[in-house]
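[1] Starting from these lines, generate the structure:
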Amino acid sequence: MLDVASLRSWLALRVVRGLGDAGVCRLVQVFGSAEAVLSASTDTLMASGDLSPTLARAVQRGPDQQTKQDIDRELKALERLRLSVVTYLDDDYPSRLKTIPDPPPLLYVSGTLDRADHHAVAIVGARHATPAGRLVTEQLSRDLASIGFTVVSGLARGVDAAAHRGALAAQGRTVAVLGCGIDRTYPPEHQALRKQIEANGAVVTEFPLGAYPHGYHFPRRNRLISGMCLGVVVTEAAIQSGSLITARLAAEQGREVFAVPGFVREENSRGPNGLIKQGAKLVENIEDILDELLPQLDSSFRERLQSRVSRPAESRPRLGNEELTIYNLLSFEPTQIDDLIARSGLPAADVAALLLAMELKNVIRQLPGHSYLRI
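    Okay, here's the model as predicted:
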């Protein structure tokens, strides 16, 4: 349930021009609450809050009448929509996010943030992801979620959606960070995916209700994705990509940066390959991520992690000779069924039956256009 009086003070502080996110967070730490900041005298704000006279007077004066009415409308909407708001001083506020230079004073949340999210890894990448890129993303995400990591991404098309779906497939936690108001879903076709995320994690944003997904919101959004996490994995991205902004922010925030290598002439591989040239950790599987993150994990999580990893893995279903023939012709790039028929020398009906059998064994996947790839 919303603490309306307290939240009104936070919203009033947030709109003070010249204060900024870092300024709001610093003041509430010094004074102990947003209400205490607003009730402090100008002299106290200057002395204890280290504010200029002009800024101290602006804080002490508070918002104008029109802004107060806007704040009241937002508070009523939050109550009506049954949404929660986590402040910088709340226990639920992501602890790692507090360590970045400009943490948001407020996070609007649907779903639930959890202490388990302290061990989070972001997976980001191209909106126009290749089938192979989506598959690799889903596998990494599923593997991370299955051993207790929270997977964080941005709910965008392509890689982001695959990252969320991989975590959900493992019945793990996932957090989506929006570049718009919490009362909007962008892209709109991810409404069903969003509901699944809310049931198994959280959807969060720093932007107020009604905020449109403007292009300039997303670089700000990206600093939260990296800021919440131990590291950021880029699976596919072009050179001019928001995912590379997230990777740069991660490096500036002291987070680990990982990249999945790709074919040198593939546009979506140029971003990750460039990151690897710059020193990002090359990732082929989850072990490459764990090797870097293990020293940063607390002892209890490390023990839990090692016990899960040490469990015997499920063995791959056994394949017959003809199934192996088809399987060996496949790769992590889509292959048309006609090519498989020609290269295997087997009758078309037999190839179709073998592909169906292997799909049921979950060792291959069919893609639109009668093409297949390995899992």
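[2] rest of the way, CA atoms for contacts and neighbours
    Noted.
[3] Surely Gly20 and Arg14 touch.
    Yes. Using CA atoms under 8 Å, Gly20 is in contact with Arg14, at 7.3 Å.
[4] between those two, which one's more packed in?
    Neighbour totals were compared for Gly20 and Arg14, and Arg14 leads with 22 against 16 (other CA atoms under 10 Å).
[5] Mind pulling up the pLDDT for Thr87?
    Listed pLDDT for Thr87 reads 96.
[6] What residue, apart from its backbone neighbours, is nearest it spatially?
    Nearest-residue entry for Thr87: Leu106, 4.6 Å, with adjacent residues in sequence omitted and distances by CA to CA, 6 or more residues apart in numbering.
[7] and the one you found, what pLDDT?
    Confidence score, pLDDT, at Leu106: 97.
[8] now it: how far from Thr174?
    Using CA to CA, to the nearest Å, one gets 20 Å for the distance from Leu106 to Thr174.
[9] higher neighbour count, these two?
    Thr174 (31 against 24).
[10] hey, what's the more buried one bridged with?
    On the basis of DSSP bridges, Thr174 is bridged to Val151, Gly201.
[11] Just to check, it is in contact with Ile197?
    Yes. Thr174 lies in contact with Ile197 (CA under 8 Å); the separation is 6.3 Å.
[12] tell me the domain ranges of the chain?
    4-82, 115-309, 321-374 (automatic domain parsing).
[13] quick one: the helices in the stretch 1-150 of the chain?
    For the stretch 1-150 of the chain, the helices defined by DSSP state H, counting those that start in this stretch occupy 4-14, 20-31, 34-39, 42-48, 53-61, 65-81, 131-146.
[14] so which of those gets nearest Gly274?
    Closest to Gly274 of the helices of the stretch 1-150 of the chain, according to CA to CA: helix 131-146, at 16.4 Å.
[15] Please put the alpha-carbon coordinates of the closest one into PDB.
    The C-alpha coordinates for helix 131-146 follow below in PDB (Å, rounded to 0.1, in the frame of the first residue of the first chain):
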ATOM      1  CA  PRO A 131      17.200 -17.000 -35.000                       C
ATOM      2  CA  ALA A 132      20.600 -18.100 -33.800                       C
ATOM      3  CA  GLY A 133      21.000 -15.000 -31.700                       C
ATOM      4  CA  ARG A 134      17.600 -15.500 -30.000                       C
ATOM      5  CA  LEU A 135      18.500 -19.200 -29.400                       C
ATOM      6  CA  VAL A 136      21.800 -18.400 -27.800                       C
ATOM      7  CA  THR A 137      20.200 -15.700 -25.700                       C
ATOM      8  CA  GLU A 138      17.400 -18.000 -24.500                       C
ATOM      9  CA  GLN A 139      19.900 -20.700 -23.600                       C
ATOM     10  CA  LEU A 140      22.200 -18.400 -21.600                       C
ATOM     11  CA  SER A 141      19.200 -16.800 -19.900                       C
ATOM     12  CA  ARG A 142      17.700 -20.200 -19.000                       C
ATOM     13  CA  ASP A 143      21.000 -21.500 -17.700                       C
ATOM     14  CA  LEU A 144      21.500 -18.400 -15.500                       C
ATOM     15  CA  ALA A 145      18.000 -18.400 -14.100                       C
ATOM     16  CA  SER A 146      18.100 -22.100 -13.400                       C
END
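[16] what comes into contact with it?
    123, 150-151, 158-159, 162-174, 235-236, 285-286, 332-334, 367, 373, 375 (CA atoms under 8 Å, 6 or more residues apart in numbering).
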